[in-house]
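Undergrad: After the sequence you'll find the predicted model.
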Amino acid sequence: MKTSEIKLGVNIDHCATLREARYRNNHNINAKIIEPNLVEMALAAEEAGSDGITIHLREDRRHIQVDDVWQIRESIQTRLNLEMAPTDEMIEFAKNIKPAFVCLVPENRQEITTEGGLDIVSHKERIRTVISEMKTAGIKTSLFIDPHPQQIEMAAELQSPFIELHTGSFANAYYDSDLKYKELEKLCNAAKIAHEFGIVVNAGHGINYTNISEVKNIPWLYELNIGHSIVSRSLSVGMHAAVTEMKKLIKG
C-alpha cells in the first residue's frame, strides 16, 4: 500500500569516486579542469525530477569532500540528505551545514560502499543522542537499518522519524528466486511494522533498473535512495536521461 507517489533521492557519491580516481591529490588546481563536476551532476538530477540529492561524507573522504557538501547544499533547489556516521565530528558538521535530512549509517574503512545496516540496538544511547541533537538543530534523522523487527522496534523507541531499509541483501539475492522472495518478504514486513509505529519508511542500497519492479511494491514507501545504478547508467545516456528513466520505472 502506498500513500502517495514514491520519491526519488539520487546519490551522487560515485560521481565523486570517478573524480577522485583522477584528481585525488590535485584538488588545488583550477576547478574548471576537474571533472566530473558534482554540482552539475546534482542539478541535472534535479532537472530530471529527482526529489533530493544524497551524499555520504565519509571519515576517510574517499569520494565526497567537505567542499562538495557546501557547494551542493548551496546550489540545489530540492533537499540535501547527508549520510553520515554518528560521530562527534559529523554531528558538528551537520549542525553547521543544516541539511534537510541526515541518515545515520555504519562506516567501515575497508568497504567500498556501505554494506549492511546500522546496529541501533547495540548503540542505542549514542543514536538517541544524535537524534536529539539533530532535532534541536531542525534536522530530520533517518536510520539506515536492516529489515529486522528488533531494529525497527528500537527505531520506534528512539523516536526516529524516518528509517531507511537496507535493500542490499535483497539485491544480492535477486537471481536466486527462493532467497530473493524471502528477502523481499523481510522488507515488506519491516515496512509494515515501521508504519504501525508511525515511522516514515525509505529504502536504499543495490536498487537498480531491474529490481525496482519489486522494490517499489514494498508497502508504505516514502522515498527510494538510489546511487550506483543511476550513476552507472548516466555514463551511457547522461544523468538527466538516467534519472528520467528511473522515475518512470518507479511510477510505472
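TA: Here it is on my side, so go on. For clarity, every value in this text was computed on a predicted model and none was experimentally measured.
Undergrad: so how far is Thr136 from the residue sitting nearest the centre point of the chain?
TA: Residue closest to the average C-alpha location in the chain (Cα atoms, centre = their mean): Asn225, at 4.6 Å. Relative to Thr136, Asn225 is positioned 25 Å away (Cβ to Cβ, to the nearest Å). Glycine gets a C-beta too; all of them are placed from N, C-alpha and C.
Undergrad: ditto for Glu40
TA: With the distance defined as Cβ to Cβ, Glu40 ends up 34 Å from Thr136.
Undergrad: Those two: which has the busier surroundings?
TA: Between Glu40 and Thr136, counted using other Cβ atoms under 10 Å, Glu40 has the larger neighbour count: 13 against 9.
Undergrad: Below-threshold pLDDT in this protein: ranges please.
TA: Within the chain, the stretches falling below the threshold (pLDDT under 70) are 1-3, 26-32, 108-115.
Undergrad: now the helices for it?
TA: Counting by DSSP state H, residue ranges of the helices within the chain are 13-23, 38-47, 66-75, 88-97, 124-136, 149-157, 168-172, 177-196, 212-215, 228-237, 239-251.
Undergrad: Let's have the ones you listed in CSV, adding distance to Glu5.
TA: CSV is the format used below for those (distance: least, Cβ to Cβ, whole Å):
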stretch, distance to Glu5
helix 13-23, 25
helix 38-47, 17
helix 66-75, 24
helix 88-97, 28
helix 124-136, 26
helix 149-157, 24
helix 168-172, 22
helix 177-196, 16
helix 212-215, 14
helix 228-237, 18
helix 239-251, 7
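Undergrad: nearest spatial neighbour of Ala44, skipping sequence neighbours?
TA: Spatial nearest neighbour of Ala44, chain neighbours left out: Met239 (4.0 Å); criterion: Cβ to Cβ, 6 or more residues apart in numbering.
Undergrad: let me redo that: His228
TA: Excluding the flanking residues, the one nearest His228 by Cβ to Cβ, 6+ apart is His14, at 5.6 Å.
Undergrad: what's the answer for Ala16, then?
TA: In space, and not counting its chain neighbours, Ala16 is closest to His63: 3.8 Å by Cβ to Cβ, 6+ apart.
Undergrad: List the contacts of the one you found.
TA: For His63, the contacting residues are Asp13, His14, Ala16, Thr17, Arg19, Glu20, His56, taking Cβ atoms under 8 Å, 6 or more residues apart in numbering as the criterion.
Undergrad: Distance of it relative to Thr141?
TA: His63 is 23 Å from Thr141, where distance means Cβ to Cβ.
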